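Engineer: Structure for the following, please:
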Amino acid sequence: MAVTVPVTMPRQHAHYRAIWVSDVHLGTAGCKAEYLLDFLRFNESSNLYLVGDIIDGWQLKKHWYWKQSHNDVVQKVLRKARKGTKVTYITGNHDEVLRQFAGLAFGDIRIVNEAVHHTLDNRRFLVTHGDFFDGIIEHARWLAYLGDTLYTLVLRINDGFNRVRHRMGLSYWSVSQYLKHKVKNAVSFISEFEAVLVREARRRGFDGVVCGHIHKAEIREIDGILYCNDGDWVESLCALVETHEGELKLVHWPYQATGPEQSPFGHDEHESSESAPESSGRLFDAAVAPPVAPGQKADDSTRCSGGQSGTKASQSGSACKGRGVEHV
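Structural biologist: As a prediction, this is how the structure comes out:
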């Protein structure tokens, strides 16, 4: 299985064995929903993994923020699931309300706390959001909330900066990513987080691990284990994909959706004809309503699609006990 460096793909339609997307943070001003929507329009897959923090429950508890583009992303994912894409939703810390439903299904979407993916060459990859291995999340939750507040402020600065760049015809550039790479403590946390995930994957007999959580896209081999972080859609605008040849690579997508989709399959698509408040309300009703057991049919009202944290990664995977697991 070949591993490539991150690339910015030409804007053309593509189909993959699998796509991993995480840390979208729908419901926040920092979410780059227009970019993700454009990516989902141009990229199809047999398997779509939503690797946690798709909806930001932490921020939505503080104040309501829900643009039409956020609703369009949800509708696009639901449409993919209805058309046959196997969609697996791995819960994260910002959408942890869904963990009570792990192992069950909302319509065509499976809710799990972790998954196992088999690549074309039959390597086994643990797929987890990663917050189970973040010591700040597990043991000092108040500090995680504080860090999330400060991170939100940085993202607002990032948004203003990139609005100016967009008006000037310049491409997206992440201020927050730049600052993160320059701060020694952030670099130290990232390295420790990666090491903990690799140790857990080895302990459980996996060939690799796919995660999100820290908003730093990466593919590299660490002590014989392939570590893959699929990035995020507030800073790096990145997804992890597996091609039909079994190649894993990061796809950066600096393109915004502008208007209704021109589908390559011969018809136009607009992601939702409903108003954002009504349809997003249905989504959150699904997130807190009794889930649908596997094999049962759910109507559209029960279909569901769905920060950055601290400084020290947890040294144990014991917090992961009791989670739902999906094998693909």
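Engineer: Now do the SS call for residue 201.
Structural biologist: Judged by DSSP: H, G, I helix; E, B strand; the rest coil, the three-state class of residue 201 is helix.
Engineer: can you count the residues close to the nearest residue in space to residue 19 that is not next to it in sequence?
Structural biologist: Take residue 19 and drop its neighbours on the chain: the residue closest to it by C-beta to C-beta, 6 or more residues apart in numbering is residue 45, 4.2 Å away. C-beta: built from backbone N, CA, C; applies to glycine. Residue 45 has 22 neighbours, counted by other C-beta atoms under 10 Å.
Engineer: buried stuff in the helix or strand residue 45 falls within?
Structural biologist: Using DSSP states H and E, residue 45 maps to strand 43-51. For strand 43-51, burial by neighbour count (16 or more other C-beta atoms under 10 Å) applies to 43, 44, 45, 47, 48, 49, 50, 51.
Engineer: Just the mean pLDDT for it, thanks.
Structural biologist: In this model, strand 43-51 carries a mean pLDDT of 98.
Engineer: Show me what it is packed against.
Structural biologist: strand 14-21, helix 68-82, strand 86-90, strand 114-118, strand 208-211, strand 238-242 (3 or more C-beta pairs under 8 Å, 6 or more residues apart in numbering; DSSP states H and E).
Engineer: And the shortest one, what's buried?
Structural biologist: The neighbour-count check on strand 208-211 (16+ other C-beta under 10 Å) flags 208, 209, 210, 211 as buried.
Engineer: Widest-spaced pair of the residues you listed?
Structural biologist: The largest separation in the buried residues of strand 208-211, counting by C-beta to C-beta, is between 208 and 211 at 10.3 Å.
Engineer: what is in contact with these two at once?
Structural biologist: Shared contacts of residue 208 and residue 211 (C-beta atoms under 8 Å, 6 or more residues apart in numbering): residue 228.
Engineer: Specify the beta-bridge partners of the nearest residue to residue 208 once chain neighbours are set aside.
Structural biologist: Once flanking residues are discounted, residue 208 sits nearest to residue 226: 3.4 Å by C-beta to C-beta, 6+ apart. In this structure, residue 226 bridges to residue 208, residue 221 when assessed by DSSP bridges.
Engineer: just to revisit the earlier point, now the strand holding residue 45 and strand 114-118, what's the angle there?
Structural biologist: Strand 43-51 runs at 140 degrees relative to strand 114-118, counting by axes from the mean of the first three to the mean of the last three C-alpha atoms, to 10 degrees.
Engineer: Which strands border strand 43-51, and is each parallel or antiparallel?
Structural biologist: Short version: by DSSP bridges, strand 43-51 pairs with strand 14-21 (parallel), strand 86-90 (parallel).
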